[in-house]
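1. Sharing a model prediction with you, sequence too.
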Amino acid sequence: MQSVQSVQNRWMIAIMGTMLQVALGTVYAWSFFQQPVMATGQWTNSQAAWAFSLAIFFLGVAAAWGGINLPKFGPRKLAMTGGFLFSLGYLIAAYALSMKNLPLLYIGYGFIGGIGLGLGYVTPVVTAAKWFPDKKGFITGMVVMGFGFGALVMAKVLAPIILEMTGGDLVMVFSYIGMIMLLITLVAGNFLVNPPVGFVPKGYTPPSTVDSGHVSQETITATQCIQSGKFMMMWIVFFFNIVAGIMFIGFQSPLLQDILKKAMDPATLSNPQVVAGLAASGATLIAVSSIFNGVGRFFWGGMSDKIGRIQTFRLILGTQFIVFIALMFVNNPIVFSVLVCYILLCYGGGFGSMPSFVLDVFGAKLMPIVYGAILTAWGCGGIVGPQIVALLKDNYPTQAAQYTFVSAAVLLFAGLIITFILNNEKFVIKTATNTSSQIAK
C-alpha cells in the first residue's frame, strides 16, 4: 500500500499545497491596490502600507505558533483555519473600506488576514517536506512557488475581472475576493495530511542521525536550536533578503509609475487614459515579477540541492547587492523592470531554500517548530521593508527610489558577510565534557 497509494497521495498533497499557496500569495499583489486604497480614504503611503505590513508581520507570528502547534492540531485543521481567517480578513477589509475606517482595515486585512496567512503558509511547506525527504529542496521550492504566483493570479486575472464586473467598486472587489479565497483555501486545505508512521519513499535511505562525539539530533530540543548562534545568523540572513525584496513587492507599481512619469508631459498626468495606462503598466510588472518570485522559489530550492544551502544564499545576496547598486543609475523603465524581476527571483529563492536549510541543519523532528520560528523574520521584514519605502516616499518623494536602493544594498552586503560565517553542517551539542557547550557549525 505504501509503494503505490502513498506515492500518489504525496504528489496530490504537493499539488494541493501549492494551490493553497497560490491563494494565500495574492497578498503580494498589494501594490496593485496601494494607490486605490489611499484614494478611498485619503490616506498617505505609509498609512495604507501598514495594512500590508501588518499582514506580513502577523503572518510571521502566526507561522511560528503554527509550527509549534502543527503536531497537536494536524495539517488539515490548521490549513483550513488559516484559509478561513485569510478570507475573513478580505471581507472585513471590504467593510472597512466602505466605512473609510483605517483601524478596522488594519484589524481585518492586517491582523486577522495575517494570522490566516501564517497558519496557512507554514502547513503545506512542513507537510510536503515530510512526504518528500528525498526531494527536500525541489518539493519545498515547488510548494512555496505557488505563493509567488499568487500576485500574478490577482493582478492579471482576479482583480481586473472583478474590477470590471463591479465597475471599479473597491469594496465589492475585496468582498468577492474574500469569497473566492474561502472556497479555494478550504478545498485545498482539506487534502493536507501527514504521511503514515514509518513512511519512506521507495529507493530512499534516511541519513544517519548519529554523530560521533556529539549528542544525536534526536535528543536536542527546539529551544536549544532557536537559542543557538547558528539559528540567529540564519534568521538575520533570511530577514535581510526579505526586506530587500519586500520593498519592491509593496511598491513596485508606484516606483515604476514614478519612472514613467519622468518621461511624460506633466500636463497629461491628469488624463484618465494616461492614469489608467500607468496603472496597467504597474499591474504588468506585478504579474511578470510574480512569475520570477514563484520560479525563484523552485529554481533556487532545486539549486540548493546541488550546490548547498549556504552557497545558494551567498549567490542570492551577493548578486542582489550588485543589482541594487545598478538600480541607482537606472532611469529606463524596461531595465528597471528587468532588475526588479531578478530581485524577486532572489527574494523567492530565499523562501525556496530556507525550508530545506532548516531541515538539514536542525532535523526533520524539530523542523515545524524551528521553521515556524525562523518565519518571524518574514513578519519583521514585512514591517521594516514596506515602511522604509513608504516613509521615504512621503518625506523625500523625489529621492525615495535612490534612498531605497542604498538601504537595500547595505542590508544585503551585511547579510552576505554573515553567510561566510555559516555552513551547511548539522547543529549538534558537544558531549566531550560534563558541561556541554553548544556549537554552531
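-> Yep, it's here. Numbers count the residues shown, from 1 in each chain.

2. For Gln35, give me its contacts.
-> By Cβ atoms under 8 Å, 6 or more residues apart in numbering, the contact set of Gln35 is 253-254, 279. All C-beta atoms are positioned from the backbone trio N, CA, C, and that covers glycine.

3. List the buried residues in the one helix or strand Ala276 maps to.
-> For Ala276, the host element (DSSP states H and E) is helix 272-307. For helix 272-307, the neighbour count (16 or more other Cβ atoms under 10 Å) marks 274, 278, 281-283, 285-305 as buried.

4. Quick check: which ranges of the stretch 251-400 of the chain have low pLDDT?
-> Under the criterion pLDDT under 70, the flagged ranges of the stretch 251-400 of the chain are 265.

5. before we move on, the earlier item: include distance to Leu85 when you put the contacts of Gln35 into CSV, please.
-> Below are the contacts of Gln35 laid out as CSV (distance: Cβ to Cβ, whole Å):
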residue, distance to Leu85
Ser253, 27
Pro254, 28
Ala279, 30
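
6. now, among these, which is nearest to Ala39?
-> Taking Cβ to Cβ as the measure, Ala39 lies nearest Ala279 of the contacts of Gln35, at 11.4 Å.

7. Now do the contacts for that closest one.
-> Going by Cβ under 8 Å, 6+ apart, the list of residues near Ala279 reads 35, 253, 257.

8. between the contacts of Gln35, which is nearest Gly118?
-> Of all those, Gly118 sits closest to Ser253, with 25.0 Å by Cβ to Cβ.

9. Assumed the closest one was part of a helix.
-> Yes. Using DSSP: H, G, I helix; E, B strand; the rest coil, the assignment for Ser253 is a helix.

10. That one is in contact with Leu285, isn't it?
-> Yes. Look at Ser253 against Leu285 with Cβ atoms under 8 Å: they come within range, at 6.4 Å.

11. now for the helix or strand harbouring Thr81, which elements pack on it?
-> Assigned by DSSP H and E, Thr81 falls within helix 75-99. In this structure, helix 75-99 packs against helix 7-24, helix 30-41, helix 45-73, helix 102-105, helix 113-131, helix 170-189, with contacts taken as 3 or more Cβ pairs under 8 Å, 6 or more residues apart in numbering; DSSP states H and E.

12. Let me see the residues that make contact with the first one.
-> Right, helix 7-24. Contacts of helix 7-24 (Cβ under 8 Å, 6+ apart): 79, 82-83, 86, 116-117, 120-121, 123-125, 127-128, 131-132, 139, 142-147, 149-150, 153, 181, 184-185, 187-189, 191-193, 195, 201-202.

13. List the buried residues in that helix.
-> Under 16+ other Cβ under 10 Å, the buried positions of helix 7-24 are 9-10, 13-24.

14. just the second one next, same as before
-> Using 16+ other Cβ under 10 Å as the test for burial, helix 30-41 gives 30-38, 40-41.

15. Between the helices and strands packed on helix 75-99, which one is closest to Met233.
-> Met233 lies closest to helix 45-73 among those, at 17.8 Å (Cβ to Cβ).

16. Give me the average confidence score over the closest one.
-> Helix 45-73 shows a mean pLDDT of 90.

17. quick one, that helix and helix 75-99 angle?
-> For helix 45-73 against helix 75-99, the angle by axes from the mean of the first three to the mean of the last three Cα atoms, to 10 degrees is 160 degrees.

18. what's the angle from helix 45-73 to helix 113-131?
-> Going by the same axes, to 10 degrees, helix 45-73 makes 40 degrees with helix 113-131.

19. Okay, angle between helix 45-73 and helix 7-24 too, please.
-> Using the same axes, to 10 degrees: helix 45-73 against helix 7-24 is 160 degrees.

20. just checking, what packs against helix 45-73?
-> If you count contacts as 3+ Cβ pairs under 8 Å, 6+ apart, helix 45-73 packs onto helix 30-41, helix 75-99, helix 113-131, helix 229-262, helix 367-374, helix 376-395.

21. what kind of secondary structure is Ile429 in?
-> Ile429 is classified as strand under three-state DSSP.

22. State the number of residues packed around it.
-> Residue neighbour count, defined by other Cβ atoms under 10 Å, stands at 18 for Ile429.

23. ok, it to Gly229 distance?
-> 13 Å (Cβ to Cβ, to the nearest Å).

24. Lys426 too?
-> Lys426 is 14 Å from Gly229, where distance means Cβ to Cβ.

25. With Trp50 instead?
-> Taking Cβ to Cβ, one finds Trp50 at 33 Å from Gly229.

26. the more surrounded of these two?
-> More crowded of Trp50 and Gly229, by other Cβ under 10 Å: Trp50, with 22 against 13.

27. Can you report how many residues neighbour Asn190?
-> Counted with other Cβ under 10 Å, residues neighbouring Asn190 total 15.

28. ok, now Phe324?
-> Residues near Phe324, counting by other Cβ under 10 Å: 22.
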